[in-house]
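A.B. asks: need a structure here:
(one chain, ligands or ions: 1)
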Amino acid sequence: MTKSKSKRKKQMLKRRIIALIIFGIVIGGVVYTPIKLKHINLLQIEAKASERFNNKMSFIEDYKKIKENFSNLYASDDKLQEISESIDVIDEKLSNGVSEEVESLISTLKSVISDLSAANQIELENIFNDVNSDNINNFTEEEMNKVNEYTNEYNQLFSKEKYKQAKETLNLLSNYISETKKVASERKIKETYEQKSNEDSSLREPKYINGILIVNKEFGLPDSFLPGESAEARQAFENMKADAAKEGIYLNAFSTYRSYWSQNILYWNYVSNYGQDPTDTFSAKAGFSEHQTGLAFDIGGLDRYLWAEEDFKYTDEAKWLKSNSYKYGFILRYPEGKEWKTGYMHESWHFRYIGVDHSINFKDSDLTLEEYLGL
Ligand SMILES: [Zn+2]
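C.D. replies: Numbering: from 1, shown residues only. Here you go, the predicted model:
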């Protein structure tokens, strides 16, 4: 009896221990597994977050680069504003995090900037080729050095894709070349004039290009060239005068043909009054005046105090002449802003007869006879 009792006790204890172990395993599993799963989950979330963070960082870096690229480009004011506005929108949305919407906006911006960059590049290459194809003549060494300086600076900026700054430099280069060309042209005209006017005037030959007699500071006439006033030019002037009168415009040709010798007297009179350099801007040495051709007409209006005066250009007569003289074979010989090409100041009264076939090409332009004849 005692034996079986103790045996049963032992068995009960054994069962309890087993039950306890099972209980322990079950409880352990129930508690531990979710903890473990939660941990794995956390790791996954962390990895994802880190990946997202890295993506976000490179995305923002990329966006920064797009913005920086934009600051090196140029565009019309409208286009610039359009892009700036879209950047503002992205910046604002980005402050709330990277969303799909922001990603799509940035991707659009990226392609807009990239198109603009390509357009800038093509345009700059074209402008640069234009500027470079401009023939540079008679520049001094110092002037050439300046051209090279600008050119090198431009090339550097262009290669760094700083197109906005490259364009500014290109503008400086282009302006420098066009201004220096004028200076060089004036310098050349002065040198040539000095040389030609010291040559024996009797040996000069009248210079004709395309049937047009050209007289300027390079091409002079011999003292023996005495054609008198051109009858054809006079007839053309009378026709013009008659037509102008119908519109209430009264024209007077107050000075036309001048011989070599009368020009000589006139020129030296001016020199004694004004000095040679100023005189050379508005009066020609004997043998170099267009008036010796018989084809140059100094034309004034009703007010004789304005004849051959700078202020004549403001009169109705001067305006009428500027717009209509080409119909009668006349051209404004010394246009405003073309002193560097003609060697003379603007003379709103000095018209040259070249015939309608040629003068028609001068309509509404500031073309000079030199440019027209390719000089
Ligand atoms: Zn004149």
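A.B. asks: next, the contact list for whichever residue of the stretch 151-300 of the chain sits closest to the ion, please.
C.D. replies: Of all residues in the stretch 151-300 of the chain, the one sitting closest to the ion is Asp298 (4.2 Å; Cβ to the ion). For the C-beta atoms, the positions are set from N, CA and C on the backbone; glycine is no exception. Going by Cβ atoms under 8 Å, 6 or more residues apart in numbering, Asp298 touches 253-256, 291, 307-308, 347, 349-351.
A.B. asks: burial count for the nearest residue to Tyr372 once chain neighbours are set aside?
C.D. replies: Nearest residue to Tyr372, sequence neighbours excluded (Cβ to Cβ, 6 or more residues apart in numbering): Asn361, at 6.6 Å. By other Cβ atoms under 10 Å, 12 other residues sit near Asn361.
A.B. asks: tell me which residues in whichever strand or helix holds Ile106 are buried?
C.D. replies: Ile106 is part of helix 100-133 when elements are defined by DSSP states H and E. By 16 or more other Cβ atoms under 10 Å, the buried positions in helix 100-133 come out as 102, 105-106, 109, 112-113, 116-117, 120, 124, 127-128, 131.
A.B. asks: what's the answer for stretch 276-296, then?
C.D. replies: Those would be 279-280, 282-296, for stretch 276-296 by 16+ other Cβ under 10 Å.
A.B. asks: right, and the helix or strand after the helix or strand hosting Ile18?
C.D. replies: In this assignment (DSSP H and E), Ile18 forms part of helix 2-71. Per DSSP H and E, the first helix or strand lying C-terminal to helix 2-71 is helix 77-94.
A.B. asks: which strands or helices does that next one pack on?
C.D. replies: Contacts defined by 3 or more Cβ pairs under 8 Å, 6 or more residues apart in numbering; DSSP states H and E place helix 77-94 against helix 2-71, helix 100-133.
A.B. asks: got the residues of this structure near the ion?
C.D. replies: Neighbours of the ion within the chain, by Cβ under 5 Å from the ion: 298, 350.
A.B. asks: for the chain, which residue gets nearest to the ion?
C.D. replies: Closest residue of the chain to the ion, Cβ to the ion: His350 (3.7 Å).
A.B. asks: next up, the contacts around the residue nearest to that residue when sequence neighbours are not counted.
C.D. replies: In this structure, His350 finds its nearest non-sequential neighbour in Arg333, 5.1 Å apart by Cβ to Cβ, 6+ apart. Residues in contact with Arg333, defined by Cβ under 8 Å, 6+ apart, are 290, 296, 342, 347, 350-352, 368-369.
A.B. asks: okay, now the unreliable bits of the chain?
C.D. replies: When residues are selected by pLDDT under 70, those of the chain lie in 1-3.
A.B. asks: grab the most central residue of it for me.
C.D. replies: The residue lying closest to the centre of the chain (Cα atoms, centre = their mean) is Asn171, at 5.7 Å.
A.B. asks: quickly find the element holding that residue.
C.D. replies: helix 163-197.
A.B. asks: in that helix, what's buried?
C.D. replies: Buried, per 16+ other Cβ under 10 Å, within helix 163-197: 163, 165-167, 169-170, 173-174, 176-177, 180-181, 184-185, 188-189, 193, 196-197.
A.B. asks: now stretch 355-374
C.D. replies: Buried residues in stretch 355-374, counted by 16+ other Cβ under 10 Å: 355, 358-359, 362, 367-370, 372.
A.B. asks: now swap in stretch 201-213 and tell me
C.D. replies: Using 16+ other Cβ under 10 Å as the test for burial, stretch 201-213 gives 201, 204, 207, 213.
A.B. asks: mind putting the residues you listed in TSV, secondary structure included?
C.D. replies: TSV is the format used below for the buried residues of stretch 201-213 (DSSP: H, G, I helix; E, B strand; the rest coil):
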residue	secondary structure
Ser201	helix
Arg204	coil
Lys207	strand
Leu213	strand
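A.B. asks: ok, of those residues, which one's closest to Phe225?
C.D. replies: Closest approach to Phe225 among the buried residues of stretch 201-213 (Cβ to Cβ): Arg204, at 8.2 Å.
A.B. asks: burial measure for the closest residue to the closest one other than its chain neighbours, as a count.
C.D. replies: Nearest residue to Arg204 in three dimensions, chain neighbours excluded: Pro222, at 4.5 Å (Cβ to Cβ, 6+ apart). By other Cβ under 10 Å, 16 other residues sit near Pro222.
A.B. asks: give me the element Pro222 is part of.
C.D. replies: Per DSSP H and E, there is no helix or strand for Pro222.
A.B. asks: that one contacts Ser202, doesn't it?
C.D. replies: Yes - counting by Cβ atoms under 8 Å, Pro222 does reach Ser202; the two are 5.4 Å apart.
A.B. asks: all strands of the stretch 251-375 of the chain, in order?
C.D. replies: 252-255, 296-300, 330-332, 350-353 (DSSP state E, counting those that start in this stretch).
A.B. asks: can I get these in CSV with distance to Leu42?
C.D. replies: Listed next are the strands of the stretch 251-375 of the chain as CSV, based on distance: least, Cβ to Cβ, whole Å:
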stretch, distance to Leu42
strand 252-255, 103
strand 296-300, 98
strand 330-332, 89
strand 350-353, 94
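A.B. asks: which one of the ones you listed lies nearest to Tyr154?
C.D. replies: The nearest among these, by Cβ to Cβ, is strand 330-332 at 37.3 Å.
A.B. asks: not counting its neighbours along the chain, what's nearest Leu173?
C.D. replies: Nearest one to Leu173, counting by Cβ to Cβ, 6+ apart, is Tyr150 at 3.8 Å.
A.B. asks: what's the neighbour count on the one you found?
C.D. replies: Using other Cβ under 10 Å, Tyr150 has 20 neighbouring residues.
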